[in-house]
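Chemist: sequence first, then the predicted structure:
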Amino acid sequence: MPTKHRRHAITETDDISRALDVARRTWPELADRPGALLRQLILVGQNTLAHNDIETSRTRREAIDETGGALTGVFGTNHLRQLRGDWPE
């Protein structure tokens, strides 16, 4: 069927075959349409990755919020100047 969209070829290796078997059990209405099963798997994978990315970002922000300012006052106002004092000019 003509399309302006890019097409992709995929070889049904053992791991892809196993993924399709799981997809057939999950979406039995698509069992006889491997292209549709692959599309569903890709979309579910994309949603899972997006969710994981959001969760990772949230966890990182929480860690920053919890530790932000923990070292306030530890280093004096001249600390960087002293640290750089022996650097070549």
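Modeler: Alright, I've got the coordinates.

Chemist: how much space between T13 and P34?
Modeler: Note on T13: its distance to P34, by Cβ to Cβ, to the nearest Å, is 13 Å. Yep, even glycine has a C-beta here, placed from its N, CA and C like the rest.

Chemist: between these two, which has more neighbouring residues?
Modeler: Neighbour totals were compared for T13 and P34, and P34 leads with 15 against 9 (other Cβ atoms under 10 Å).

Chemist: what residues are up against that one?
Modeler: By Cβ atoms under 8 Å, 6 or more residues apart in numbering, P34 lies in contact with E12, L20.

Chemist: let's see 7 Å
Modeler: Residues near P34 by Cβ atoms under 7 Å, 6 or more residues apart in numbering: L20.

Chemist: so for the host helix or strand of R60, mean pLDDT?
Modeler: Per DSSP states H and E, R60 falls inside helix 34-67. Averaged over helix 34-67, pLDDT sits at 96.

Chemist: for the helix or strand that it is followed by, output the C-alpha coordinates as PDB.
Modeler: Using DSSP H and E, the next helix or strand after helix 34-67 towards the C-terminus is helix 79-83. What follows is helix 79-83 as a C-alpha-only set of coordinates in PDB (Å, rounded to 0.1, in the frame of the first residue of the first chain):
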ATOM      1  CA  HIS A  79      37.500  28.800  49.200                       C
ATOM      2  CA  LEU A  80      37.700  29.000  45.400                       C
ATOM      3  CA  ARG A  81      40.400  31.700  45.400                       C
ATOM      4  CA  GLN A  82      42.500  29.600  47.800                       C
ATOM      5  CA  LEU A  83      41.900  26.400  45.800                       C
END
